[in-house]
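> kindly return the folded structure for what I paste below:
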Amino acid sequence: MIKTKTPSITKMTEGKSRNAQSIPGKKRRENGGNEQEGGGDGLSLFSNAVMTKEKEELAELREKVEDLQRQLLEKDETLKSAEASKHEISSIHSVLNQVKQQASEKEALLRSTQAQLADVKIKLADKQAAVEKLQWETMTSNQQVEKLQQDLIAIQGEMSSYTLLFEGLSIDNSDLSDQEHDVTPHFVHLPDTDDMDELETSKMKEAQEAYMAAVAAAKEKQDDDSITAAANARLHLQSFVLRS
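Okay, the predicted model is just below:
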């Protein structure tokens, strides 16, 4: 705040008085008669003029002081408003920093979630591939089991035919042995042949039962070992049929 020194009324009055006293004596001598006659009235008028002028100057100074005070108040209000604006801007910056931090945290969380989602998709694709592989293996095993069942049905039909054939041959051999027994007694070893046919037939039935059991096991387990065992049992059974 700039303070302007206001001259006191006393000093202004003294200055006016000195100015009044400095009037040259010649002029006073020229006006000597007049001063003596109207000196009191002139001094009174001069004093009134001086006081009026001082009052005007004082009023003007008061107006200037009031104007300066008003300007100071306006500046104070401006400073207060600037301080409030500065505080508000600081608060806005603080809120903005918090929002930026929250956005950064959410972005990091989003990236982590996306990475987890990508990992889950990869695992899901692996599991889907494994399921498809199992389905394909199951379908292949079912096809192999169906083929084995078809082979079993065919072999069972062949076995029935061969069984009927063996029974017919056994009956024919038995009748032929009875007819030729008295004529050629050296066929005493024919019963051994009959026993050998029965042994082969028994082995063949055992092979058939083993093959049926292997097929049932392959149908239940549906793995490579059981399917291989069923195939080997089928080959073993076919070897009996071929030898017969």
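> can you give me the helices in this protein?
Using DSSP state H, the helices assigned to the chain run over residues 9-21, 25-30, 32-180, 190-221, 224-243.
> with mean neighbour count added, can I get those in CSV?
Bear in mind the C-beta positions are built from the backbone N, C-alpha and C, glycine included. Shown next, in CSV, are the helices of the chain (neighbours: other CB atoms under 10 Å):
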stretch, mean neighbour count
helix 9-21, 12
helix 25-30, 10
helix 32-180, 11
helix 190-221, 15
helix 224-243, 16
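> same list (these) but as a markdown table, adding mean pLDDT.
Shown next, in a markdown table, are those (pLDDT from 0 to 100):
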| stretch | mean pLDDT |
| --- | --- |
| helix 9-21 | 47 |
| helix 25-30 | 44 |
| helix 32-180 | 79 |
| helix 190-221 | 72 |
| helix 224-243 | 79 |
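> for T138, give me its contacts.
For T138, the contact set (CB atoms under 8 Å, 6 or more residues apart in numbering) comprises Q222.
> same check on I155?
Going by CB under 8 Å, 6+ apart, I155 touches Q208, Y211, R234, L237, Q238, V241.
> correct me, but the first one touches Q156?
The one in question is Q208. Yes: at 7.4 Å, Q208 counts as touching Q156 under the criterion of CB atoms under 8 Å.
> quick check: Q71 vs V65, distance?
11 Å (CB to CB, to the nearest Å).
> ignore the last one, K121
Taken as CB to CB, the span from K121 to V65 is 82 Å.
> go on, Q144?
From Q144 to V65 the distance is 117 Å (CB to CB).
> cool, I155 as well?
In terms of CB to CB, I155 sits 132 Å off from V65.
> re the thing from before, ok, the contacts of I155 vs W136, which is closest?
R234 (23.9 Å; CB to CB).
> is the closest one in contact with D151, as I believe?
Yes: the pair R234 / D151 is scored as a contact, 5.8 Å apart, by CB under 8 Å.
> mutual contacts of the two, please.
By CB under 8 Å, 6+ apart, no residue touches both R234 and D151.
> who touches stretch 77-96?
Contacts of stretch 77-96 (CB under 8 Å, 6+ apart): none.
> how about stretch 229-239?
For stretch 229-239, contacts defined as CB under 8 Å, 6+ apart pick out 148, 151-152, 155, 204, 207-208, 210-211, 213-215, 217-218.
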